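>>> Sharing a model prediction with you, sequence too.
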Protein chains: 2
Amino acid sequence: MKTDVEIAREAKLENIEKIAEGLGLSRDSLIEYGKHMAKISKETLDQCQEKEDGKLVLVTAINPTPAGEGKTTTNIGLAMALCQRGKKAITALREPSLGPVFGIKGGACGGGYAQVLPMENINLHFTGDFHAITSAHNLISASIDNHIHQGNALNIDLRKIIWKRVMDMNDRALRQIVVGLGSEKNGFPREDGFDITVASEIMAILCLSHDLMDFKEKVAKITVAYTVDDQPVTVADLKVQGAVAMLMKDALLPNLVQTIENTPAIIHGGPFANIAHGCNSLIATKTALKLADITVTEAGFGADLGAEKFLDIKCPVGGLKPDCVVLVATIRALKYNGGLAKSDLGQENIQALKDGAVNLKRHISNLKKYQLPLVVCINTFPTDTEEELETLENILKEEGLAYARSTCFAQGGQGALDLADRVLEALDKESNFKALLSEDMDLEEKLLCLAREIYGAKDVIYSDQAKKQMEKIRKEGLDHLPVCVAKTQYSFSDDPNKLGAPTGFNLTVRELIAQTGANFIVAKTGDIMTMPGLSKDPAANHMDIDKDGTITGLF
Amino acid sequence: MKTDVEIAREAKLENIEKIAEGLGLSRDSLIEYGKHMAKISKETLDQCQEKEDGKLVLVTAINPTPAGEGKTTTNIGLAMALCQRGKKAITALREPSLGPVFGIKGGACGGGYAQVLPMENINLHFTGDFHAITSAHNLISASIDNHIHQGNALNIDLRKIIWKRVMDMNDRALRQIVVGLGSEKNGFPREDGFDITVASEIMAILCLSHDLMDFKEKVAKITVAYTVDDQPVTVADLKVQGAVAMLMKDALLPNLVQTIENTPAIIHGGPFANIAHGCNSLIATKTALKLADITVTEAGFGADLGAEKFLDIKCPVGGLKPDCVVLVATIRALKYNGGLAKSDLGQENIQALKDGAVNLKRHISNLKKYQLPLVVCINTFPTDTEEELETLENILKEEGLAYARSTCFAQGGQGALDLADRVLEALDKESNFKALLSEDMDLEEKLLCLAREIYGAKDVIYSDQAKKQMEKIRKEGLDHLPVCVAKTQYSFSDDPNKLGAPTGFNLTVRELIAQTGANFIVAKTGDIMTMPGLSKDPAANHMDIDKDGTITGLF
């Protein structure tokens, strides 16, 4: 089969004005970035408010294998199939991060015949949203050190600066650094570090804001440091929320592109799915709901992380009511959850599949708690055997669930028509969506609820550090905020080796971080890597561009 | 008078397609970035090659005061005035750097009624060129540390890595840092630092390349470090020139915008005017020459730095033959050069003006060495008195020079009509342009020639470090490369306090750096700041944006 970039290059793209036209948008509604990408203007967003919302479909997945299992591909394939069925459907995705493109991961525009295009641009600089976030974030960083250098009127404690710097690059050498060396002209030496841009709280705020003014207010509330007297120092204290908002004025507008079948795609925002909530922007989702009959969106990692945060954080903040959840499972990932080694996933193994199916069942029972119509998508791989597929289908039949196979990677929307039909049937049913976590619960209650109801844990254990932080969070009156759990994506538990559907374990909360801008508490339950590194043989070493502008080595 | 951003906001912009149309370019020739900015497509650049070149005018200046004296404003005003005279004229400028916008400098889009628009975009992210450079530069940085971390097959000496990281931010805390701390997972600890993005060698290469393939070849030749055996390590050794070129594919295309009078402006590239050559891109200049009858371009700082590098580096590399030089002088800057304190520049002082005029005379005699028609522009300020202006004009008459007053800051093109007429007269004359430095000279000869012929020095002294570096440069066979002098802009000498037209001093070369990608040798003659800092009361603290997207505090 052809590579993604080859398939992308052979695709015939429509002018983005034509795509917009299909959504009832004129050229004037757009800020065009070349012929195939555009931002939807602020005026258009304002005008849309009066329209009725379409239906909202969330695509999530079982616990993935380290290789990823095609959730984005399924999302794109489903939206294309819905369009083939005559529906006005939009796929609403997250923007890829530039850094990992040069590592081992490659791009994040779907794959095969279920891609969003132009993938060369979307995977690289796109419309500059992430560059704007990098600039905005680092302006705050520079303002902190400049404030201290210029006399430190706010009495910031050099040891308690929690706002790091960011770069959209896989660069492990920047994880832990010392800045301000050399001489008094260079400020005060202190410990610091860089996160990757997608891990910035600015990114999380962009994705949870209703509009630019809401964004600016949230940015103003970010806690960047503590004073010598242990009082929080915010962006408002540094007086740069206006400059940050100015830098982000265009980045707040959703991006319109197209799928390989020329159906509309909105791609906007891309917060880290572990330390942040991992969903595309609220502005993008709400815009898609206004423009289309059906919006197909996604959430990062497995349903225990991504869907949970979508349903318990993003939906309540945005007043969203999803109408259906598609749970993507692959034979490979289930076999991995059944204990099969990564290198053996290509071989038939019915027992491992059956053993691993407990993972799928746990996700199903979890999602039912949100009272949403559910469809399981079996994203097929060439290595899947018919017996494996039927085994899985029988399990789903026993559960009484709607399901469909998808071959959209190889066949595009055509390969997801069954899935589209099951989704359309589900959309005819009533959705009684209810978040699992309620505002009444305090932080401890929320964590216990998640641990028991979603992860299958016995109890929650707090590290000494987390206990102290809990105390501080209570004192600052923040323990009513939503909680955003940072946890391994490979297991329901906080141990990546506990596959399947573990029970009886304790969830250990190591650290609690109040993100007062994004307005949630991050509960870290393991080592969360917020700055990746490049690999031994990075993708960057195999990339090239020729004199005609033809790119190779970009996946 | 209104602020720049207020004037900009009241201006009536044409759609960029209309501006392109005036240059004979169809919509298909453009990659549009919204309604008022566009890149000119690669195909169009290729097609243009057949056209004949128009005339090339360089705008340069006397040694400036620390406040800047309106060279860009004059450039824009002159191009607008030439259009008013019925000529097809393009202003070809450098892109502003984002970092200084938040410091004290403000934007760099001209000022008053001689601006390029949309200034809010040009001053902020524009079309993302500098963000692309930041990404490309830091990909090389990450590749260096990753290479070492993964086994260091190239045997790179950790103490001899000369490629720093970059960020487009005024952030003094990043000047000198230690990276790779924490644990073996984070690589090897070593000293490092950040420059501002405009100081990147990638920027210099972008501005001196003929096309993307030339750019890629030059990037491959960048020396990033030395091995333990003191052999140069290049980007080609790291195998990332392809990825870098891929990241830069759009950044290599020139940007088309408009002046406040709806005449065309091409803004592209912006290398640091001290450690690099400080001119806009060769691609942009050559494109402008193909599209217009007259191209008005600029070079950074005073003529001893900017014009010299334009004429001795950019023109020979690009095969450019300028037809006229406009030397901008202000009463204020001449009085400053005559010894008046910055705070007193607003007061009439004929003696200081006469004393400072030696600075202007030296620039005039220098520029005559390049055998170019010369026009002096007196860029007037409201504080200039008529007696001061006449005094200066009498001096110019004595020199037998063409000159004109300009009031384009307050009056736009109308205020530069006299200047335009003098320039048109000059363009009727023959230009016998000849660079001062020839390829036959070796590095030492070139430096001595510049020191004596341009700066007025007695001799060149080399530091011990520079002597060793000279040795190495000779050994590596690089001493035939063009030289790019890094020197204070405030004086002809290497001492910012020696104003006027100093003589009898020695020029001390402290450091010689071979930039094997940009293909020149940087000769540092003083402390060159490659990462600025924010000020006590940074501009960022006074910036804001309201719900309608109206920006305040951006100058």
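Received, thanks.
>>> by contact count, what packs against the lengthiest helix in chain A?
For chain A, the longest helix by residue count, based on DSSP state H, is helix A:129-149. Contact analysis of helix A:129-149 by 3 or more C-beta pairs under 8 Å, 6 or more residues apart in numbering or on different chains; DSSP states H and E lists strand A:156-161, strand A:165-167, helix A:201-208, strand A:223-227, helix A:235-238, helix A:241-247, helix B:129-149 as its packing neighbours. All C-beta atoms are positioned from the backbone trio N, CA, C, and that covers glycine.
>>> ok, 6 Å please
strand A:165-167, helix A:201-208, helix A:241-247 (3 or more C-beta pairs under 6 Å, 6 or more residues apart in numbering or on different chains; DSSP states H and E).
>>> Minimum distance to chain B, which residue of the stretch 351-500 of chain A gives it?
Going by C-beta to the nearest C-beta, chain B is nearest to residue A:496 of the stretch 351-500 of chain A, at 16.3 Å.
>>> now the stretch 401-550 of chain A, which segments are flagged as low pLDDT?
The stretch 401-550 of chain A contains no residues with pLDDT under 70.
>>> again, but for chain A
A:67-68, A:105-107, A:555.
>>> re the thing from before, among the helices and strands packed on helix A:129-149, which comes closest to chain B?
Of the helices and strands packed on helix A:129-149, nearest to chain B by C-beta to the nearest C-beta is helix A:241-247, at 3.4 Å.
>>> Are that closest one and chain B in contact anywhere?
Yes: residues of helix A:241-247 are located near chain B by C-beta under 6 Å from any C-beta of the partner chain, namely A:242-243, A:245-246.
>>> the helices in the stretch 51-200 of chain A, which residues?
A:71-84, A:98-101, A:119-122, A:129-149 (DSSP state H, counting those that start in this stretch).
>>> and what of the stretch 251-400 of chain A?
Counting by DSSP H, counting those that start in this stretch, the helices of the stretch 251-400 of chain A are A:282-291, A:308-309, A:315-318, A:331-337, A:350-368, A:386-398.
>>> Okay, buried residues for the fourth one please.
By neighbour count on 16 or more other C-beta atoms under 10 Å in any protein chain shown, the buried set for helix A:331-337 is A:331-337.
>>> quick one: contacts for residue A:448?
residue A:460 (C-beta atoms under 6 Å, 6 or more residues apart in numbering or on different chains).
>>> which SSE is it in?
helix A:443-450 (DSSP states H and E).
>>> Return the residues of the stretch 401-550 of chain A in contact with chain B.
A:534, A:536, A:540-541, A:543-545, A:547, A:549.
>>> picking up where we left off before, what is the most widely separated pair among the residues of helix A:241-247 next to chain B?
A:243 and A:245 (7.4 Å; C-beta to C-beta).
>>> So between the two, which is more surrounded?
The neighbour comparison of residue A:243 against residue A:245 (other C-beta atoms under 10 Å in any protein chain shown) goes to residue A:243, with 30 against 24.
>>> Distance-wise, check residue A:184 relative to residue B:175.
Relative to residue B:175, residue A:184 is positioned 12 Å away (criterion: C-beta to C-beta, to the nearest Å).
>>> Compare these two (neighbour count), which wins?
residue B:175 (24 against 8).
>>> separation between the residue nearest in space to the middle of chain A and residue A:32?
Most central in chain A under C-alpha atoms, centre = their mean is residue A:278, positioned 2.6 Å from the mean C-alpha point. To residue A:32, residue A:278 is 29 Å away according to C-beta to C-beta.
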